[in-house]
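Engineer: have a look; sequence and predicted model below, questions after that.
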Amino acid sequence: MAPRLLSGTYECSLDDRSRLAIPSRLREPFSDGTVTAWWLDDCLVVVPRFEWPSFIEGTFGRMSVLDDDQRELSRFLLAGAFEQEGLDKQGRLLVPAELRDHAGLDGRVKVVGAGSYLELWDPQRLDERFATLRKDGVAQRAARLAQRIDGGRG
């Protein structure tokens, strides 16, 4: 079976109970639950619940408590993680206040498919990030990334 690739950008809304309906075409990986957490940018990450440990380790490697930077990053990511056993019948997940505050979510939310996970963004913050990326040059950033990847093979 080919690995899934969550993609696309969807504008959604938080309801009056701070729940967010995951777009129907993205829901299947989250049927057994989610972990919603603070992310590296000013957004949230949503990962299938049973994939959270491997997601963290696969992204950052095994983080040592003896290394200050690794310990701080681990503390940040794990302290900001909220686990839910499943989506409700309408495909919604709860977004707690502390997580909403981190990402600046209040009403409208952009849900971004980012490969194996979702990101939840304040629409204005995401638009600003994309505008900066376009201004700085998407192709130039891709070329720098390719150099780092190729340089690591040499």
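Structural biologist: Received it, and whenever you're ready, just let me know what you need.
Engineer: mind jotting down where the helices sit in the chain?
Structural biologist: 52-60, 68-79, 97-103, 123-136, 138-153 (DSSP state H).
Engineer: list the buried residues for the first one?
Structural biologist: Within helix 52-60, the residues scored as buried using 16 or more other CB atoms under 10 Å are 52, 55, 56. In short, each C-beta sits where N, CA and C put it, glycine included.
Engineer: output these in CSV, with pLDDT and distance to residue 135 appended to each entry.
Structural biologist: Formatted as CSV, the buried residues of helix 52-60 follow (pLDDT from 0 to 100; distance: CB to CB, whole Å):
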residue, pLDDT, distance to residue 135
52, 90, 34
55, 85, 31
56, 81, 32
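Engineer: distance of the residue nearest the centre of the chain relative to residue 23?
Structural biologist: Centroid check for the chain by CA atoms, centre = their mean gives residue 45 as the closest residue, at 2.3 Å. For residue 45, the distance to residue 23 equals 16 Å [CB to CB, to the nearest Å].
Engineer: check contacts around the nearest residue to residue 126 once chain neighbours are set aside.
Structural biologist: Nearest residue to residue 126 in three dimensions, chain neighbours excluded: residue 110, at 4.9 Å (CB to CB, 6 or more residues apart in numbering). With contact taken as CB atoms under 8 Å, 6 or more residues apart in numbering, residue 110 is in contact with 9, 10, 11, 12, 120, 121, 122, 123, 126.
Engineer: among those, which pair sits farthest apart?
Structural biologist: Taking CB to CB as the measure, the contacts of residue 110 reach their widest spread between 10 and 122, a distance of 14.2 Å.
Engineer: which one of those two has more residues nearby?
Structural biologist: Counting neighbours by other CB atoms under 10 Å for residue 10 and for residue 122 shows that residue 122 has the greater number, 19 against 16.
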